[in-house]
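Asks: Could you work out the structure for the sequence below:
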Amino acid sequence: MRGVDLADGAIAGAVGSTALNVVSYLDIALRARPASSTPEQTVDRLAGIAHVDLGSGPRAANRRSGLGPLIGYGLGIAAGVAFALYAGGRRQPLPMATGVLCAGVMAMTDGSITALGISDPRTWRRSDWMSDIIPHLAYGLTAAATWNRLRRPSGHGR
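Replies: Model prediction:
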């Protein structure tokens, strides 16, 4: 595994994370639903575990608002790097890569909020699942397409 492959995985993960956020914000705008408080709750739990003081009042709220999305991008980038390790630097069939990336990043995000006691996906309604699955599919498709775009076609050594 070459460093360039890991960097390409990170790029694919960042592009996928951007697509996930665009789809999520579009859903919020179209359905006029409130934004999720899960990212901020995740920051609170992680800060508590790490014994990090976020401050109080507006300062703490502002830190949670900034750190929550950064954690999401971090998970998306990490999933892209993990995919690069899995793919071994090679292009992958788009449907398969989309599924692997979608499932991988969903497992990371939903698994972490479950482990932190923030939410229990077993209690989610159909609309909750749709609000979760569709943006993660956008992540998977965009990250997979980016990964493949960064790879040379078969027969063209890199």
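Asks: Spell out for me which residue occupies the centre of the protein.
Replies: With distances taken as C-alpha atoms, centre = their mean, the residue of the chain nearest its centroid is residue 76 (3.4 Å).
Asks: The helix or strand hosting that residue - what's its average pLDDT?
Replies: Per DSSP states H and E: residue 76 is located in helix 57-87. Across helix 57-87, pLDDT averages out at 95.
Asks: any idea which element the closest residue to the residue nearest to the centre of the chain other than its chain neighbours lies in?
Replies: In this structure, residue 76 finds its nearest non-sequential neighbour in residue 17, 3.2 Å apart by C-beta to C-beta, 6 or more residues apart in numbering. (Each C-beta comes from the backbone N, C-alpha and C, glycine too.) Per DSSP H and E, residue 17 falls inside helix 3-31.
Asks: count of residues packed around residue 81?
Replies: Neighbourhood size, residue 81 [other C-beta atoms under 10 Å]: 19.
Asks: Pull the contacting residues for it.
Replies: Going by C-beta atoms under 8 Å, 6 or more residues apart in numbering, residue 81 touches 6, 9, 10, 13.
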